[in-house]
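Pasting a predicted model and its sequence here:
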Number of protein chains: 4
Amino acid sequence: MIDRYTLPEMKEIWSDAYRYRTWLDVELAACRAMENAGIVPAGVADGIQGKVPDASRIDEIEKTTRHDVIAFLTHMEEIAGEQARWLHLGMTSSDVLDTAFALQLTKSLDNILQELDQLRDACRTQADRLRHLPVIGRSHGIHAELTSMGLVFARFYAALGRDRQRILAARKSVAVGKLSGAVGTYAHLSPELEKEALGSLGLEPETVSTQVVQRDRHSEMFNALATAAGNIEQMALTVRHWQRTEVGEAREAFRSGQKGSSAMPHKRNPILSENLTGIARIVRAAAGAALENIALWHERDISHSSVERVIAPDATTALHFMYRRAARVISGLVIDKKAIEKNISMTGGLCFSEAVLLGLVQKGLGRQQAYELVQRNAMKAWDEGDDFKELLKADAGIAEKLTPGEIDEFFDPSHAIRYADEIIDRALKD
Amino acid sequence: MIDRYTLPEMKEIWSDAYRYRTWLDVELAACRAMENAGIVPAGVADGIQGKVPDASRIDEIEKTTRHDVIAFLTHMEEIAGEQARWLHLGMTSSDVLDTAFALQLTKSLDNILQELDQLRDACRTQADRLRHLPVIGRSHGIHAELTSMGLVFARFYAALGRDRQRILAARKSVAVGKLSGAVGTYAHLSPELEKEALGSLGLEPETVSTQVVQRDRHSEMFNALATAAGNIEQMALTVRHWQRTEVGEAREAFRSGQKGSSAMPHKRNPILSENLTGIARIVRAAAGAALENIALWHERDISHSSVERVIAPDATTALHFMYRRAARVISGLVIDKKAIEKNISMTGGLCFSEAVLLGLVQKGLGRQQAYELVQRNAMKAWDEGDDFKELLKADAGIAEKLTPGEIDEFFDPSHAIRYADEIIDRALKD
Amino acid sequence: MIDRYTLPEMKEIWSDAYRYRTWLDVELAACRAMENAGIVPAGVADGIQGKVPDASRIDEIEKTTRHDVIAFLTHMEEIAGEQARWLHLGMTSSDVLDTAFALQLTKSLDNILQELDQLRDACRTQADRLRHLPVIGRSHGIHAELTSMGLVFARFYAALGRDRQRILAARKSVAVGKLSGAVGTYAHLSPELEKEALGSLGLEPETVSTQVVQRDRHSEMFNALATAAGNIEQMALTVRHWQRTEVGEAREAFRSGQKGSSAMPHKRNPILSENLTGIARIVRAAAGAALENIALWHERDISHSSVERVIAPDATTALHFMYRRAARVISGLVIDKKAIEKNISMTGGLCFSEAVLLGLVQKGLGRQQAYELVQRNAMKAWDEGDDFKELLKADAGIAEKLTPGEIDEFFDPSHAIRYADEIIDRALKD
Amino acid sequence: MIDRYTLPEMKEIWSDAYRYRTWLDVELAACRAMENAGIVPAGVADGIQGKVPDASRIDEIEKTTRHDVIAFLTHMEEIAGEQARWLHLGMTSSDVLDTAFALQLTKSLDNILQELDQLRDACRTQADRLRHLPVIGRSHGIHAELTSMGLVFARFYAALGRDRQRILAARKSVAVGKLSGAVGTYAHLSPELEKEALGSLGLEPETVSTQVVQRDRHSEMFNALATAAGNIEQMALTVRHWQRTEVGEAREAFRSGQKGSSAMPHKRNPILSENLTGIARIVRAAAGAALENIALWHERDISHSSVERVIAPDATTALHFMYRRAARVISGLVIDKKAIEKNISMTGGLCFSEAVLLGLVQKGLGRQQAYELVQRNAMKAWDEGDDFKELLKADAGIAEKLTPGEIDEFFDPSHAIRYADEIIDRALKD
């Protein structure tokens, strides 16, 4: 979690102060359930509620105890007095840690989903706005057939919908706590008490816990974040390609006062999109580490803990930041229609080669034979810059099957994207 | 996909012959939809149905065309004659490739789920059978409190249930094909035709395709496989720990005629579990590569293809194999109750230290003070091998609060696992 | 290791037959050292030398023994008779396996280095040939300043030199065997005997072995392969960018008879380079798995074995294939000088903006002030397509400092790449 | 870089203040070379030397410029006045950034190497001290043959030596800067000037740069760090195994006042070693991300930058911390000789089974036959807890070949580790 890529609402969640407050929330939820069960005298939780743990004092105590939860509890006795000894009764540290971690994660995911929705709205707007704008489609970086600019954003919109589903599923997987004690047997607690306490926090109990909540849940979450980052990378990569000097079909907004290069005053670089491409690698790396956290020794080892201290804040804040930044990029895109048109026309209609091929097959030519007829003219157009349509008309082999008028009909842009509305509407209705 | 870790039913799915047959299935499904739409003469698909593509002949043709689908179509004209020119009409290679890939993946996942269920049954049986067997629980590899052996398997059962959900969700994500042409615009096809053809193959259309189905879907799948592999690794790691010479609580079955070491005739090693641990790393690695496949250039580049040629067979066959092998390990486990008892008793009751701590707190001691009283006796028991219970009784500070009889009550194994049934039943009811 | 990306000489190394022959080489080397030490009767090795193990028979025996080396030794007794019982004396399986693995790896690396050198030669040739060809340099995908096409290949050449060093260092790291027995203590052997036997195979002894050679050595190797793959990916990415329709500065050779698309006869795609991009991901993934193999239990566990069975053939054959293919791409590149010139001139000289900036600073303007003067004209040139040089001359702020003649001087291509020779010569002299 | 795992000397290197000071160092080195070349008036660098950039002010300016180096230069004009306009003449941002990055990395690596040496000393001391202490060797977690405790630390020592070499090689690879301008052509600079300036900073020039230093260099470094982390993980894993309750052969020192568990006062957990196991995963993850940074677009894209902002501080500070912590663990290890002896004797001499096997072969038995004779007694000893030696003596098949006295001789611990001194001395002499 580096400041540069962390927005305030996420920084808050992963602050020491927030973590200790969340620990206290968990202890108090457990305490109240114990009060109801008659294990702890009524009123203890209310008496402690409102005391604010002091992170720096806890850190100081930890230097002696070498154990963070014990340091926290010691500090609670300092600030809440005698009654604090009722806290943590029959509980093990991980009851607090894992349950609080679930609260931090679900809150983080809620923030992420909110930003995802902003980006999705931006994609919807562009999809709608640009649905009838033809643009050359490219496979392998090479001109293929026409598509619609709106379709690109509808595709992003659909991908975000899938990410939404995956993140929601992952949220469910990690919205799980435990109050089952040192090895998950409720040795000094009970399933009922756990259910009540966790329920009050909005969490489910782990089906079968050990000392900890099972880590395949977190792996699922980090994977969902990494895949989501991959989809943002896809958008960023698209913008970077569009903004290439030779392509120029769209570019990131450039603020007044902004400088593209310390050396070259003419530069306007897609730096936000490049930045997003890089951050995606960071989120990806976290998923790999999380996968190694699943297999723990017996009823738990603590190897996963140092990993999660790093990757949980890093991956959640980074993805949250990515959505915010991507939304800004997508909303602010400057579309250059002239460049789009110039690119479409630069190959003299090669993007309609398949239509001609199919026309020849319809007229009874074998597929391979038709292919060769069209290909020989296309290669000539590429290599010598001749107009593809004119070459076709002049080709005797083709003239046997197709009249010039029939050939003209194959070169119709609006026919090429006639289904854009249907596809976009299908995507956006979700 | 190496033979050693590939079972026949998976080898079949990823064979050349199967792939080409699946391509033909896709072409015929599309052809039938075109017949219904009047684009292709009725009867073509029926006329070609049953022709079996010859993989080696296709490979030969590909040496010239440098393009696999074109080689396949050329070969189809060889074996099905004139009518084959109606195949692939208006389609692009990826219409065939991605749709066929979806069929191979869903078939693979079905096989995987079948093996998962076998393993899950094995875990259920052990959870049931061993539910009342106390075993020392361990955190950090150190004795903690008692748990039940059945709980361990109930935990595995629950984890497999989560993997089942994730794999089913991933199956849904990848059960998606496309017949939308070169850039996803249905330039020479239509959404209706796609829906009909894919429906006949049990697939959904991609919401917004480019030349290809979107690769976040596959990333989700590889991630689900990697997480599932992580859960098997967790089981394997547990068996390896149990089988350690000093622990000896359970071990893999050892076949007659089997040799553990070429050098040391006394060896019986947990080699199946170690093997599973290793294979998990392979499946994990595939997930990392799949994440890099999401972001493609514009309407597609083909960089993902070589990756998928390797990781799709590798990861699916490896996980399938892991489940089969893990089921054998879990079903065949030899449980050593004597060793289990010996381990429980080796610390003279240290695993009940928390009960004593809580007893002292109930008697009015502050938590930290109680902790120190119990800890000083526990450390003495560890270091000098003295009996923990006797030390407690002899400790004046403790004697002030607890009678010897009260202390005895804290050392009750059946109390420690009194909730085992409830937890196990909760897990197995799913 | 899939056939598609495996050349015959690498397929051979990783075949079963080769592996068993290598095992026999190791056994015979050890046997000869034992003969010299008087532990084994003279002549045994010579008597067995030349017997060829039958892989399928060994596999059959392994079905009973569940142990590959024991199956191999049993088979050797079958084909070499009585004297074969002297084989493997005092040795453990890993003495054979790890030493033979070292031989397979070093042979693989030698093959890889040979292909690397071929590619390096191809880069050298292009660097030499194209050293004076100006091409627009790009940062962020945006035109920056001029560079020379030869410099690009000199850069590749230099990168390959670094990979050569890393692979050689890794070769040294893995050219290490062991004949130190079950836990590395030479319980029934001796350091002297190991040194002699390994020396005859061209290997060094592990400094301190356990049952196995230490796996950080292999991690180093897989990392070197992954980094090398990354450098090939860099080249492939460059070619893909050059071949983009709008850029068109260079493209992969297209063979007669080749078809770019089953649908679009006009396509000529950079498929070899895209393929290399994908394979790089596979080699990368192997490095991640190898890193997990380092930490083994005590004197070894066998978890690394299944991983290496997959990644060692996969990563070495894939990189070997990549070099071969990359050499073909680089040698066969079709350079389009017209496109290169067109691209240079398309911005009306914006690539000289820094020269103007520095000229203004030399004339006494503050850097930031000069920057703004140049930037305002550059942005106008971008946005309105006006000629940058003419805009500068017409700008009153600039006219105060620079005459039209001085401005003209800044737009000199040959000045921009005046150091190309020096840099290229510096690189190629290595 | 989270505080918890960052020591002050590394925190310093990656602070904003340090970075800006390093940028200034680079600018001044370049400025001095330009003064010597007569491009910049003499005395400028001396006039600016000693001005301390204010990180927060630079951040403030960057909010407008959206460009960090331009913000820095603007700030330098604020604090050093008019003369500061001579800074950065003809340079591009990456000349400063990459060169300064090289300085931060080499300084980090120097710190890391210093800690590595501390850990290595700790291993040497233990290897020396424990060289004659027999301990049971284990493969697959199962007792194998005897080894010496000192050998384990000699092995760690040797591994650290290899890491030292790799990190030194990586240091050389990244001790490379560039002052070659926007696309690496020295458009407004010269190779001579670069050489002089970089030389004064202790760096080499990049052989062929683009706008940036080539990223395979950094990949090599992150890989070396990840492999080094893997070797620390190996040590940590060993300690964790030793400390397991049932093994108990060694354990981490436990400080007075330390608490092992908030719930269980008896706990003494190997938390430092578990922590190291986790941190290794973080360093590993960084290597994966670094591999993705190699392939950049044309003369650079900036996608690597955000990645490096995170992984460079993270991986270097984490490894530095790991070495410090590992040294503390290794130096402080509490060795329990009684437990070691108990474990050796628990199998009744099974660890000598190979000696018996070889004895039988020497007496003329076929290897497989001898194996079966020994194995049947070993399995009985395992399963029924009988004394292995006595079983052998009572076995008629064995009695035919070996007398009881001969059998006794095979059970000699000192013979088993007779080469420990030789191996350890061989390792430590490096």
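Yes, it's here. Numbering: from 1, shown residues only, chains lettered A, B, ... in the order given.

going forward, measure contacts and count neighbours with C-alpha atoms only.
Will do.

give me the number of residues near residue A:184?
Per other CA atoms under 10 Å in any protein chain shown, the neighbour tally for residue A:184 reads 29.

who's in contact with it?
Residues near residue A:184 by CA atoms under 8 Å, 6 or more residues apart in numbering or on different chains: A:208-212, B:147.

repeat that with 10 Å
A:92, A:95, A:178, A:206, A:208-213, A:299, B:137, B:145-147, B:151, B:417, B:419-420, B:423 (CA atoms under 10 Å, 6 or more residues apart in numbering or on different chains).

ditto for residue A:244
When contacts are counted by CA under 10 Å, 6+ apart, residue A:244 touches A:250-251, A:269-270, C:138-143, C:246-247.

Show me the strands in the stretch 51-200 of chain A, by range?
A:134-139, A:142-148, A:176-177 (DSSP state E, counting those that start in this stretch).

Tell me which of those sits most buried.
Comparing these by mean neighbour count (mean count of other CA atoms under 10 Å in any protein chain shown), strand A:176-177 comes out on top with a mean of 29.

Wondering if the helix ranked longest in chain A reaches chain D at all.
Counting residues, the longest helix found in chain A (DSSP state H) is helix A:93-129. Yes - judged by CA under 10 Å from any CA of the partner chain, helix A:93-129 comes into contact with chain D through A:93-94.

That helix: which residues count as buried?
Neighbour counts using 16 or more other CA atoms under 10 Å in any protein chain shown place A:93-113, A:115-128 of helix A:93-129 among the buried residues.

Within reach of chain B, which of those residues are there?
Within the buried residues of helix A:93-129, nothing lies near chain B by CA under 10 Å from any CA.

Mind checking which residue lies nearest the centre of chain A?
residue A:228 (2.6 Å; CA atoms, centre = their mean).

Tell me where the stretch 101-250 of chain A has helices.
A:149-174, A:191-200, A:216-243 (DSSP state H, counting those that start in this stretch).

Now render these as a markdown table, adding mean pLDDT and distance to residue D:57.
Formatted as a markdown table, the helices of the stretch 101-250 of chain A follow (pLDDT from 0 to 100; distance: least, CA to CA, whole Å):
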| stretch | mean pLDDT | distance to residue D:57 |
| --- | --- | --- |
| helix A:149-174 | 98 | 38 |
| helix A:191-200 | 98 | 47 |
| helix A:216-243 | 98 | 31 |
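
Buried deepest among those, which one?
Neighbour counts (mean count of other CA under 10 Å) averaged over each of the helices of the stretch 101-250 of chain A peak at helix A:216-243, with a mean of 27.

tell me the angle of that one relative to helix B:149-174?
Per axes from the mean of the first three to the mean of the last three CA atoms, to 10 degrees, the angle that helix A:216-243 makes with helix B:149-174 is 20 degrees.

now helix A:216-243: how far from the chain's centre is it?
For helix A:216-243, the separation from the chain centroid amounts to 5 Å (computed by CA atoms, centre = their mean, to the nearest Å).

helices or strands next to the helix or strand following it in the packing?
Next helix or strand after helix A:216-243 toward the C-terminus (DSSP states H and E): strand A:250-251. Under the contact criterion of 3 or more CA pairs under 10 Å, 6 or more residues apart in numbering or on different chains; DSSP states H and E, strand A:250-251 touches helix A:216-243, helix A:303-332, strand A:334-335, helix A:337-345.

among the ones you listed, which is nearest chain B?
helix A:216-243 (4.1 Å; CA to the nearest CA).

Let me know the angle separating that closest one from helix A:303-332.
Between helix A:216-243 and helix A:303-332, the angle comes out at 30 degrees (the same axes, to 10 degrees).

How about the helix or strand containing residue A:408, which residues are buried there?
Using DSSP H and E, residue A:408 falls within helix A:404-410. Of the residues in helix A:404-410, A:407, A:410 count as buried by neighbour count, 16+ other CA under 10 Å.

Up against chain C, what does the stretch 301-430 of chain A have?
The stretch 301-430 of chain A has residues A:336, A:343, A:346-347, A:350-358, A:367-368, A:370-383, A:388 near chain C, with proximity defined as CA under 10 Å from any CA.

sorry, back to before: surely the residue nearest to the centre of chain A is in contact with residue A:280?
Yes - taking contacts as CA atoms under 10 Å, residue A:228 lies within contact range of residue A:280: 8.7 Å.

between the two, what contacts are shared?
Listed as contacting both residue A:228 and residue A:280 by CA under 10 Å, 6+ apart are A:234, A:319, A:322, B:291.

tell me the contacts of residue A:145?
Residue A:145 sits next to A:135-139, A:344, A:349-355, A:413, A:416-417, B:181-185, B:187, B:299, C:264 when contact means CA under 10 Å, 6+ apart.
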